[in-house]
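In: Need a 3D model of the sequence below.
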Amino acid sequence: RYLDNLSREAGGDSSLQQELAAAYEKVGDVQGNSSQLGLGDTASALTNYRKALEIRLRVDTPHTNLQNQLATAADYRWIGVILLNKGDTGSALQNANAAITITERLNRVAADDTRVLREMEQDYQAAALAQGGGGPTGSLGEFNESLANNRNALAVAERLLKIEPNNVEERNHVARYEVRIGDDLHLLGRRNEALEYYRDALHFFQTQDSRANAMQQLRTFVVYSRIADELLANGDAAGSLLINRQGLTMLEPLAAADRRNAVLQMHLVAAVASTGRAETRVGEVDKGLGLLERAVKLANDQIAHDPANVEPRDILAAIFDYEGEASASRGSQTEALLQFRRSLSIFEELSKADSKNVDVLLNVAALHAKVGSSLVALGHVKDAEREYQQALAIDQGVAAGSSPPAEIEYTRADSCLLYTSPSPRDRQKS
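Out: Numbers count the residues shown, from 1 in each chain. Sure thing, here's the model as predicted:
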């Protein structure tokens, strides 16, 4: 309210207006800036970034103030990041592209200005997040486009590193984009290439003294989690569990030391859930389910803390999915069906809120197929057929996109199970 009153008093004073915009941005940073480990109040952060952007656009009509234009690009970028976390992927990409338009124009007239390069690097990353995702965030499923933007970001980071060869933080950025490129390659089905990018990034992070730096430790944890996921996807559950345990051991003291830190708490939810899933995959079902129940509680705590953020709901849906897989693995098909339907209900709700989010659509399709498999096991073949048909219909729609992910083929295979496997009654006859 104080800043709003000051805005009215600033009138047409351009210098004062820019100071006011900077004040709104600082408040937004504290409330919900994920790169600065903010408090997780994304709704308030979005409001303040939008107020800052409105002021900067109003005072920047001559396009003469470089710093104001860079701040305008940053406002667009952060608005896009928050909208992505709220589940509005289309608007997130629009804002990221608006930022890129500004910084690419500035780069044409100030090619070696490190301020321009740093903002442009982050703008490319923001666009890639909306196009291809990263971690729990949803995406438009434009994975080839995401790969191109992540490579653009990497190229800019490498340019900056040539200008400032002793800049360790920029070397961190290079490693971060190696992780993002690995994510895109994974989603495009190029898993061995993805694993190499992850390992290159991990090698760098492990060579750094990160004991006193929470952000550096968090970056290392993120790479651990990617490698663990890749190993699990390749069938190495034991290797995945080992990496997951290492990552969780690293993350738990960080999260315990800063319980108000929304970014750390969300990573903790994901770490506990991934470790629990890996435990179930190596046969430690009870131990794994215990971790998954802990993850459910942690996810619900984050939902209560920031209801506007879709990320904890997305992770909660994944946890129910993992619980369903664990129950199915030991033959508890009724319990598996219950958990799969819980997961499906959340993903369908998220899909209704953001129909362009391909990640969520793929999860909806996969859960329809899993519900179908449980129904077949329980002898409800007609009901299962409807589930499989819904899964196939969604996959066909996603497959028509510019760069459909490799996961579609797995879901299609699952959805064909009804037509290639005998029913429970047929198995009894054979």
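
In: So Ser274 sits against Ala228, correct?
Out: Yes. Counting by Cβ atoms under 8 Å, Ala228 is a contact partner of Ser274 at 6.2 Å. C-beta: built from backbone N, CA, C; applies to glycine.

In: okay, and the common contacts of those two?
Out: Asn244, Gly247 (Cβ atoms under 8 Å, 6 or more residues apart in numbering).

In: How about Gln302: what's its closest non-neighbour residue?
Out: Pro312 (3.8 Å; Cβ to Cβ, 6 or more residues apart in numbering).

In: contacting residues around that neighbour?
Out: Met266, Val269, Ala299, Asn300, Gln302, Ile303, Asp306.

In: so which of the residues you listed would you say is closest to Leu117?
Out: The nearest member of the contacts of Pro312 to Leu117, counting by Cβ to Cβ, is Met266 at 29.5 Å.

In: Could you give the number of residues near that closest one?
Out: 25 (other Cβ atoms under 10 Å).

In: Lys352 now?
Out: 10.

In: if I look at it, how far off is Ile303?
Out: Distance from Lys352 to Ile303, counting by Cβ to Cβ, to the nearest Å: 17 Å.

In: Leu57 now?
Out: Distance of Leu57 to Ile303, given as Cβ to Cβ: 34 Å.

In: and if you look at Asp258?
Out: Using Cβ to Cβ, Asp258 is found at 19 Å from Ile303.

In: again, but for Arg277
Out: 20 Å.

In: Please apply the same query to Ala366.
Out: In terms of Cβ to Cβ, Ala366 sits 22 Å off from Ile303.

In: Repeat that for Leu264.
Out: Distance from Leu264 to Ile303, by Cβ to Cβ: 16 Å.

In: Have a look at these two and say which one is more surrounded.
Out: Just comparing Leu264 and Ile303: by other Cβ under 10 Å the higher neighbour count belongs to Leu264, 22 against 16.

In: Tell me which other helices or strands whichever helix or strand that one is part of touches.
Out: Taking DSSP states H and E as the criterion, Leu264 maps to helix 262-281. With contacts taken as 3 or more Cβ pairs under 8 Å, 6 or more residues apart in numbering; DSSP states H and E, helix 262-281 sits against helix 214-233, helix 237-257, helix 285-305, helix 311-329.

In: Okay, angle between that helix and helix 311-329 too, please.
Out: 10 degrees (axes from the mean of the first three to the mean of the last three Cα atoms, to 10 degrees).

In: What's the mean pLDDT across helix 262-281?
Out: Average pLDDT, helix 262-281: 94.

In: That one: how far from the chain's middle?
Out: 14 Å (Cα atoms, centre = their mean, to the nearest Å).

In: Okay, buried residues for stretch 254-266 please.
Out: Under the neighbour-count criterion of 16 or more other Cβ atoms under 10 Å, stretch 254-266 has Leu254, Ala255, Asn261, Ala262, Val263, Leu264, Gln265, Met266 buried.

In: I'd like the mean pLDDT over stretch 365-382, please.
Out: 95.

In: remind me which residues of the stretch 1-150 of the chain are low pLDDT?
Out: 1-13, 32-40, 60-64, 134-138 (pLDDT under 70).

In: do you know how far Leu187 is from Ala128?
Out: The separation that Leu187 has from Ala128, given Cβ to Cβ, amounts to 12 Å.

In: Comparing the two, which residue is more hemmed in?
Out: Ala128 (30 against 26).

In: In contact with that one, which residues?
Out: Counted by Cβ under 8 Å, 6+ apart, Ala128 has contacts Gly134, Glu145, Ser146, Leu147, Asn149, Asn150, Ala153, Arg180, Asp184.

In: Contacts only, for Thr275.
Out: Thr275 neighbours (Cβ under 8 Å, 6+ apart): Leu241, Asn244, Arg245, Gly247, Leu248, Leu291.

In: picking that back up, kindly calculate the angle that the helix holding Leu264 makes with helix 237-257.
Out: 150 degrees.

In: Can you give me the neighbour number for the closest residue to Ala353 other than its chain neighbours?
Out: Excluding the flanking residues, the one nearest Ala353 by Cβ to Cβ, 6+ apart is Gly87, at 5.1 Å. Gly87 has 25 neighbours, counted by other Cβ under 10 Å.

In: now Ala52
Out: There are 27 residues near Ala52, going by other Cβ under 10 Å.

In: Over to the one 3 residues further on?
Out: Ile55 has 26 neighbours, counted by other Cβ under 10 Å.

In: Three-state assignment for it, please.
Out: helix (DSSP: H, G, I helix; E, B strand; the rest coil).

In: hang on, isn't it packed against Ala22?
Out: No. Judged on Cβ under 8 Å, Ile55 makes no contact with Ala22 at a distance of 9.4 Å.

In: That'll do, ta.
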